[in-house]
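In: Sequence first, predicted model second:
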Amino acid sequence: MSLHLEARVSDPTAGGLENLLSEDRRFPPSAEFAAQANASADLYSWANADRPAFWGEQARELLTWSTPFEQTLDWSDAPVARWFADGRLNAAYNAVDRHVEAGRGDKVALHFEGEGGDTRTLTYADLQREVSRAANALTSLGVTTGDRVAVYLPMIPEAVVTMLACARIGAPHSVVFGGFSAEALHSRILDAEAKLVVTADGGFRRGAASALKPAVDEALAKGAPSVEHVLVVKRTGQPVEWTEGRDVWWSDVVDTASDEHTPVDVEAEHPLFILYTSGTTGKPKGIFHTTGGYLAQAAYTHLNVFDLKAETDVYWCTADVGWITGHTYVVYGPLVNGATQVIYEGTPDTPHRGRWWEIVQKYGVTILYTAPTAIRTCMKWGEEIPAQFDLSSLRVLGSVGEPINPEAWMWYRRVVGGDRAPIVDTWWQTETGAIMISPLPGVTETKPGSAQVPLPGIAADVVDDEAHSVPDGSGGYLVLTEPWPAMLRGIWGDRQRYVDTYWSRFRGLYFAGDGAKKDEDGDIWLLGRVDDVMNVSGHRLSTTEIESALVSHPWVAEAAVVGAADETTGQAVVAFVILRGDSEAGDLPAQDVQTTLRNHVAKEIGPIAKPRQVLVVAELPKTRSGKIMRRLLRDVAENRQVGDATTLADSSVMDLIAQGLSTPAAASQD
Ligand code: WTA
């Protein structure tokens with residue numbers, strides 16, 4: 001483990017990070033911003049005085065409970081927390097109905113912008129009717145409280161409506177990102193034993209209709225006995241295959257259903273959703289979150305980190321609902337807080353590279369939350385593009401998903417934020433459910449590239465191999481030292497894996513899997529993953545999962561995958577493969593082998609997992625105990641002098657690899 005950390009810390013990206021640590025640019029909050037900010041510095045002392053009581057206050061203040069809770073934290077079954085466990089509530093009621101009851105039914109909840117420019121506006125009253133209809137339809141399809149529903153949809157209002165309809169009847173949703181393959185969808189449906197799959201004929205992507213339903217058909221053809229129905233939204237109008245009795249159109253069952261529905265009251269600890277994420281093994285982990293604690297922290301962080309003023313702000317988080325950011329900061333956080341938000345179906349460059357800025361201008365977006373990879377892409381396209389649009393409405397800018405390099409941070413601040421809007425670099429994970437480490441706008445003096453401080457109510461530290469807190473100015477592993485309301489309650493159906501993955505590395509501490517440093521002020525700088533998880537464009541991918549996909553191809557005998565530093569995507573997937581001696585691949589041009597294997601990974605997992613390069617090699621570097629030394633492969637993939645190879649079983653292997661790669665065909669990419 002320490003080896004990995006050193007490997008990252010001494011690599012060029014981390015070398016850049018060493019420089020970051022001498023970063024001396026500082027951006028104190030402006031007096032105007034501070035004067036109107038939701039957050040204030042005394043939140044820290046209040047939370048520190050009694051953390052569970054602080055969270056209890058937030059949960060009472062920000063949520064509506066049908067049965068108020070008396071208990072705050074119950075940690076007796078650690079590491080499985082119970083928060084507000086004797087209280088009852090409904091997530092959809094909190095996100096929708098209570099705003100209508102409070103006379104805010106005419107307020108816009110969602111401004112939907114389709115990729116092709118079609119739009120829809122849903123007020124909170126509209127949303128209440130839509131979600132009620134969908135909840136009635138789900139019930140008519142046999143879904144009841146506790147049943148799981150798989151959701152495989154594009155970024156259209158029906159995705160939000162479906163999630164809330166599930167929450168309304170207490171049926172945990174399991175959203176699967178629309179970019180995942182039939183295979184990935186299948187394993188997630190099986191693991192969660194979903195009773196219903198909600199999908200669409202397709203969505204619009206880069207100017208064309210892209211099909212979704214065929215992947216559902218293919219997944220179910222592999223066998224999924226729990227699935228009774230497939231509910232299909234018509235988005236693109238493209239032809240679909242139809243299984244009578246199983247498949248139903250949204251327009252037939254949802255649009256015709258009653259728009260009256262009473263939300264089902266659930267216990268605070270009732271599961272709200274499962275979301276699969278990549279771990280260090282091939283099998284994705286079904287991270288599950290429950291209702292009360294998750295919603296409390298979602299609402300609290302959304303309010304304070306983004307300084308949300310529900311009456312006047314127009315908020316836009318560019319994440320897809322297929323990821324945790326879309327769950328917490330498109331669906332639950334903003335809606336529980338009664339915000340008006342924008343959701344956009346497409347990519348930032350369709351039909352032109354100013355599309356995002358055009359949307360900001362059109363809706364007068366005031367709070368923007370996006371990922372460093374998107375910022376770097378826009379930097380590459382040039383600042384004259386955003387300069388063509390009026391971005392003066394923006395007042396808070398957020399970043400999430402991966403470390404943001406100071407240059408991207410500065411660009412974001414200057415070009416997008418007009419040197420005026422504070423930036424919040426927010427660190428968190430699918431597992432943490434909500435933001436954990438971030439500046440507070442109006443309070444924190446920000447530093448480009450650092451997520452800085454645990455939020456009030458959150459306790460984090462950086463520790464060494466022996467779990468000792470490192471002094472300021474040193475690096476180690478990021479851990480969370482106290483339970484928090486939105487923490488995962490486990491891995492679906494596998495308590496032991498939950499304990500092993502997060503709670504065994506350091507006794508009594510939650511191991512996040514990220515390397516981190518504390519600077520001289522004690523502020524935290526994230527350094528990237530220390531395990532076999534890659535971060536490509538802010539998306540988590542497992543090296544093992546991609547290796548398994550590669551070796552499932554008949555040509556491949558062995559595979560090793562690394563995340564290599566990439567200017568735009570943060571990391572890129574680079575695969576090293578050994579071909580089987582008897583396979584026909586040996587006779588094919590290297591280019592064809594690469595293309596076939598890259599496409600194979602896209603088919604098995606999804607296009608996001610497609611390796612940037614597939615390098616055919618004769619051997620892989622292994623230790624005497626047979627462990628692949630990915631650190632050395634990363635050196636090769638990043639065109640660096642290969643590091644210390646003395647622990648290799650056969651030290652000539654790296655020379656062989658380097659020689660093989662000097663042939664141009666092997667290193668090319670399409
Ligand atoms: C990384 C996304 C640095 C980190 C919300 C973490 C970050 C993983 C940041 C979780 C940040 C997320 N700075 N790194 N601000 N935010 N990460 O589960 O490695 O998709 O462990 O959740 O992303 O990714 P996940």
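Out: Thanks, I have the structure now.
In: Going by C-alpha atoms from here, please, whenever you check contacts or count neighbours.
Out: OK.
In: tell me, how many neighbours does Glu402 end up with?
Out: Using other CA atoms under 10 Å, Glu402 has 26 other residues around it.
In: now do Gly476
Out: Gly476: 26 neighbours (other CA under 10 Å).
In: Quickly list what it is bridged to.
Out: Ala516 (DSSP bridges).
In: you'd agree it is up against Lys517?
Out: Yes - between Gly476 and Lys517 a contact is recorded at 6.2 Å, counting by CA atoms under 8 Å.
In: Now the common contact residues for these two.
Out: Val462 (CA atoms under 8 Å, 6 or more residues apart in numbering).
In: contacting residues around the closest residue to Ala59 other than its chain neighbours?
Out: Distances taken as CA to CA, 6 or more residues apart in numbering place Ala296 nearest to Ala59, at 4.9 Å, with adjacent residues excluded. Each residue near Ala296 by CA under 8 Å, 6+ apart is listed here: Trp55, Gln58, Ala59, Leu62, Leu63, Pro485, Ala486.
In: now swap in Glu23 and tell me
Out: Lys447, Pro448.
In: Can you pull the residues of the stretch 251-400 of the chain lying near the ligand?
Out: Thr325, Val400 (CA under 6 Å from any ligand atom).
In: Pick out the residue of the stretch 251-400 of the chain closest to the ligand.
Out: Residue of the stretch 251-400 of the chain nearest the ligand, by CA to the nearest ligand atom: Val400 (4.4 Å).
In: looking at it, that residue is touching Thr430, isn't it?
Out: No - Val400 lies out of contact with Thr430 (CA under 8 Å); the separation is 11.8 Å.
In: Ile608 contacts Gly179, correct?
Out: Yes - counting by CA under 8 Å, Ile608 does reach Gly179; the two are 7.1 Å apart.
In: Now flag whichever of the contacts of Ala296 is closest to the ligand.
Out: Using CA to the nearest ligand atom, those come closest to the ligand at Ala486, 12.7 Å.
In: got the contact list for the closest one?
Out: His289, Thr290, Gly293, Tyr294, Leu295, Ala296, Gln297, Ala298, Thr432, Gly433, Ala434.
In: switch to 10 Å and redo it
Out: Counting by CA atoms under 10 Å, 6 or more residues apart in numbering, Ala486 makes contact with 81, 83, 289-298, 431-436.
In: Then the residue nearest to Ala59 would be within a helix, right?
Out: Yes - looking at Ala296 with DSSP: H, G, I helix; E, B strand; the rest coil, it is inside a helix.
In: Which residue is the nearest non-sequential neighbour of Glu29?
Out: That one is not Glu; residue 29 is Pro. Gly442 (5.0 Å).
In: Around the one you found, how many other residues sit close by?
Out: 25.
In: Any figure for the gap between the closest residue to Val314 other than its chain neighbours and Tyr294?
Out: Nearest residue to Val314, sequence neighbours excluded (CA to CA, 6+ apart): Val365, at 4.8 Å. Val365 is 26 Å from Tyr294, where distance means CA to CA, to the nearest Å.
In: For the stretch 401-550 of the chain, list the residues in contact with the ligand, please.
Out: 401-403, 425-430, 451, 514, 526, 528-529, 539-540.
In: Next up, the contacts around the nearest residue to Glu431 once chain neighbours are set aside.
Out: Leaving aside its sequence neighbours, Glu431 sits nearest to Leu488 (CA to CA, 6+ apart; 5.1 Å). Counting by CA under 10 Å, 6+ apart, Leu488 touches 79-81, 274, 286-290, 293-294, 429-433, 498.
In: Any stretches of the protein with poor pLDDT?
Out: Applying pLDDT under 70 to the chain picks out residues 1-22, 282, 659-670.
In: Just the buried residues of the helix or strand harbouring Gln361, please?
Out: According to DSSP states H and E, Gln361 maps onto helix 355-363. Within helix 355-363, the residues scored as buried using 16 or more other CA atoms under 10 Å are Arg355, Trp356, Trp357, Glu358, Ile359, Val360, Gln361.
In: and the helix or strand following that helix, what does it pack onto?
Out: Next along the chain after helix 355-363, taking DSSP H and E as the criterion, comes strand 367-370. Helices and strands touching strand 367-370, by 3 or more CA pairs under 10 Å, 6 or more residues apart in numbering; DSSP states H and E, are strand 314-317, strand 396-400, strand 423-426.
In: Strand 367-370 pairs with which strands, and in what direction?
Out: strand 314-317 (parallel), strand 396-400 (parallel).
In: could the ones you listed go into a markdown table alongside mean neighbour count?
Out: Converted to a markdown table, these look like this (neighbours: other CA atoms under 10 Å):
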| stretch | mean neighbour count |
| --- | --- |
| strand 314-317 | 26 |
| strand 396-400 | 23 |
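In: May I see the buried residues of helix 355-363 arranged in CSV, with distance to Val227 as well?
Out: Shown next, in CSV, are the buried residues of helix 355-363 (distance: CA to CA, whole Å):
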residue, distance to Val227
Arg355, 39
Trp356, 38
Trp357, 41
Glu358, 41
Ile359, 38
Val360, 40
Gln361, 43
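In: Nearest to Arg395 among these?
Out: Among the buried residues of helix 355-363, Val360 lies closest to Arg395 (CA to CA), at 11.6 Å.
In: OK, contacts around that closest one?
Out: Val360 neighbours (CA under 10 Å, 6+ apart): 314-316, 342, 366-368, 389-394.
In: Would you write a ChimeraX line that selects the buried entries of those?
Out: Those of those that count as buried under 16+ other CA under 10 Å are selected in ChimeraX with:
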select :314,315,316,342,366,367,368,389,391,392,393,394
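In: So which of the residues of the stretch 401-550 of the chain next to the ligand wins on neighbours?
Out: Going by other CA under 10 Å, Asp425 tops these with 31 neighbours.
In: hang on, it packs against Thr444?
Out: No - using CA atoms under 10 Å, Asp425 is not in contact with Thr444; the gap is 11.5 Å.
In: shared neighbours of these two, anything?
Out: With CA under 10 Å, 6+ apart as the test, Asp425 and Thr444 both reach Ser438, Gln452.
In: what separates the top helix by length along the chain from the chain centre, distance-wise?
Out: In terms of residue count, the longest helix belonging to the chain (DSSP state H) is helix 124-140. Distance, stretch centre to chain centre, for helix 124-140: 26 Å (CA atoms, centre = their mean, to the nearest Å).
In: Following the chain past that helix, name the next helix or strand.
Out: strand 149-152.
In: ok, that next one: who's next to it in the sheet?
Out: Paired strands of strand 149-152, defined by DSSP bridges, are strand 173-175 (parallel), strand 196-200 (parallel).
In: Next up, phi/psi of Pro79, please.
Out: Dihedral pair for Pro79: phi -90, psi 30, per degrees, to the nearest 10.
In: I'd say it and Thr501 touch.
Out: No - Pro79 lies out of contact with Thr501 (CA under 10 Å); the separation is 11.5 Å.
In: Mind listing the shared neighbours of those two?
Out: What both Pro79 and Thr501 touch, as defined by CA under 10 Å, 6+ apart, is the set Arg495, Tyr510.
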